[in-house]
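Student: Just need the structure, nothing else, for what follows:
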Amino acid sequence: PIVFVGSRKDEVLEPVIHGEISALLSKTFRTHPIWPYVEHDERGQTGQGGTTITTLAFFPVDNVKGREDPVLQRLLSVLEKALGEQEYINRKVPLSWLRTLDMLFKDVERSHMSYTEAKAIMRECKVPSEHDELLLRFLHSMGKVIWFEEPSLCDVVITDPIKYIACPAAIVICKLKQEGADITLHSLPVHKEAQKRMQSSFMKLCDQGILEIELLAILWKDHAENTTDLIALMCKFGLFVPLHNDAQEEGKVGSSGGANRGANRGANRHLPSMVRSVPLSEVQQFLVPALLAPSPAKLWSNEEQQHTFYMVFSLKKNTEPFLEYKDLHQGFLPSGFFTRLIGRTVQWAQLTSNQRLGNFGLF
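Tutor: Alright, predicted model coming up:
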């Protein structure tokens, strides 16, 4: 379920304004494909003194009253009803799985654990050993933990993705320089340290989106013990793209993505599952697509005949063999997709082209 929540009703008291906010939300998002899935407050109040009962597109909540606020009570009721209708909520699982789930999150300070530690917890909770991967796969599909079965990542079970992944990722992928009218700048003490110790490399990251491994060691000094796993995750999500120099290209090493998991653990477990020319452990710099500057005008062709293709994303299956204009107009671009597409393009170019990456106009 999707809900819009206004969390400052104690400051924005007038029901008339609540009605105006609701109208603005409806006008702005009513054509969005996700709008039919947004839950509304069917007993909302608007008009002078709140005398008019109407359906609001959001839930104006009074933080001061907390659970005593009737709107919050309605919100919880709506969420409970919507969640109760979900298939995964009604799925039956062994009690030993539920005990394992509780034990995995017993230490709230931890953000992750090894696969071996997770197995020890499962044994303690009487989960049969043949259910180990099945249980982790289930918890991953439910969004409770993050666990990938590929050799490069199967040895880590993540219980707090914000602390383990998002925080270190945000150190690299953030607004590192001011551009044009946007004067926003996200600067942390570690950025200042990196700039002092490796100014040229830091400017290379800011201006060209190229991250050197020595610079990453400074930026992630508080995450040093997890750096290898974090790099593998960043590459999997398309946030980092390994860049290969000429010497590495001459001695290409193939990856055995379909090899047995147990045989790949240990020294070679951080070979990524997708084909790359060199192991991640040998990569000295990465492309960070999200930090690339907007494309210069000279990259666009003014010729009448151009090769053009469209990718359309929709919440409904399109069985027609063709697309109409409305299909393009009503489609949407998933967040972060374009930068990941750039990353995959660069990755593929390194494997299939003899040209230097600079010739592609990215940097």
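Student: Tell me which residue lies nearest the centroid of this structure.
Tutor: Phe237 (7.4 Å; CA atoms, centre = their mean).
Student: Report how many residues lie close to Tyr37.
Tutor: Using other CB atoms under 10 Å, Tyr37 has 11 other residues around it. C-beta here means a position set from N, CA and C on the backbone, and glycine is covered the same way.
Student: List the buried residues in stretch 28-46.
Tutor: Residues of stretch 28-46 classed as buried: Val38, Glu39, His40, Asp41, Gly44, Gln45, Thr46 (neighbour count, 16 or more other CB atoms under 10 Å).
Student: again with stretch 69-83
Tutor: Asp69, Val71, Leu72, Arg74, Leu75, Val78.
Student: So what touches it?
Tutor: 1, 3, 5, 9, 39, 41, 43-44, 59-62, 65-67, 89 (CB atoms under 8 Å, 6 or more residues apart in numbering).
Student: Go again with 6 Å.
Tutor: Contact with stretch 69-83 is made by Pro1, Glu39, Phe59, Pro60, Val61, Asp62, Ile89, as judged by CB atoms under 6 Å, 6 or more residues apart in numbering.
Student: who wins for most neighbours among the residues you listed?
Tutor: Pro60 (27 neighbours).
Student: what bridges to it?
Tutor: Gly6 (DSSP bridges).
Student: And it, how far from Glu11?
Tutor: 11 Å (CB to CB, to the nearest Å).
Student: Please apply the same query to Gly84.
Tutor: In terms of CB to CB, Gly84 sits 33 Å off from Glu11.
Student: just Ser281 next, same as before
Tutor: Using CB to CB, one obtains 53 Å as the distance from Ser281 to Glu11.
Student: What is the subsequent helix or strand relative to the lowest-mean-pLDDT helix or strand in the chain?
Tutor: Ranked by mean pLDDT, DSSP states H and E, the weakest helix or strand in the chain is helix 261-264, scoring a mean of 42. Downstream of helix 261-264, the next assigned helix or strand under DSSP states H and E is strand 285-287.
Student: That following strand: partners in the sheet, and parallel or antiparallel?
Tutor: Strands adjacent to strand 285-287 in the sheet, as given by DSSP bridges, are strand 210-212 (antiparallel), strand 241-243 (antiparallel).
Student: got TSV for those strands, with mean pLDDT too?
Tutor: Shown next, in TSV, are the strands paired with strand 285-287 (pLDDT from 0 to 100):
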stretch	mean pLDDT
strand 210-212	94
strand 241-243	90
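Student: between Ser281 and Glu11, who's got more neighbours?
Tutor: Neighbours were counted for Ser281 and for Glu11 using other CB under 10 Å; Ser281 has more, 13 against 9.
Student: In stretch 88-98, which residues are buried?
Tutor: For stretch 88-98, by 16+ other CB under 10 Å, it's Ser96, Trp97.
Student: tell me the mean pLDDT over it?
Tutor: Mean pLDDT, computed over stretch 88-98, is 86.
Student: neighbouring contacts of it?
Tutor: Contacts of stretch 88-98 (CB under 6 Å, 6+ apart): Leu83, Cys125, Lys126, Val127, Leu135, Met142.
Student: Most neighbours of all the residues you listed, which one?
Tutor: That'd be Leu135 among those, by other CB under 10 Å, with 24 neighbours.
Student: gap between the residue nearest to that one when sequence neighbours are not counted and Glu133?
Tutor: Distance criterion CB to CB, 6 or more residues apart in numbering; nearest residue to Leu135, sequence neighbours excluded, is Trp97 at 5.6 Å. Distance, Trp97 to Glu133, by CB to CB: 13 Å.
Student: Same question for Ala232.
Tutor: 19 Å.
Student: Settle it for me: which of the two has more neighbours?
Tutor: Counted by other CB under 10 Å, Ala232 and Glu133 do not tie: Ala232 has more neighbours, with 24 against 15.
Student: State the three-state secondary structure for that one.
Tutor: helix (DSSP: H, G, I helix; E, B strand; the rest coil).
Student: Figure out the helix or strand that the nearest residue to it once chain neighbours are set aside lives in.
Tutor: Excluding its sequence neighbours, the residue lying closest to Ala232 (CB to CB, 6+ apart) is Ser152, at 4.5 Å. Under DSSP H and E, no helix or strand contains Ser152.
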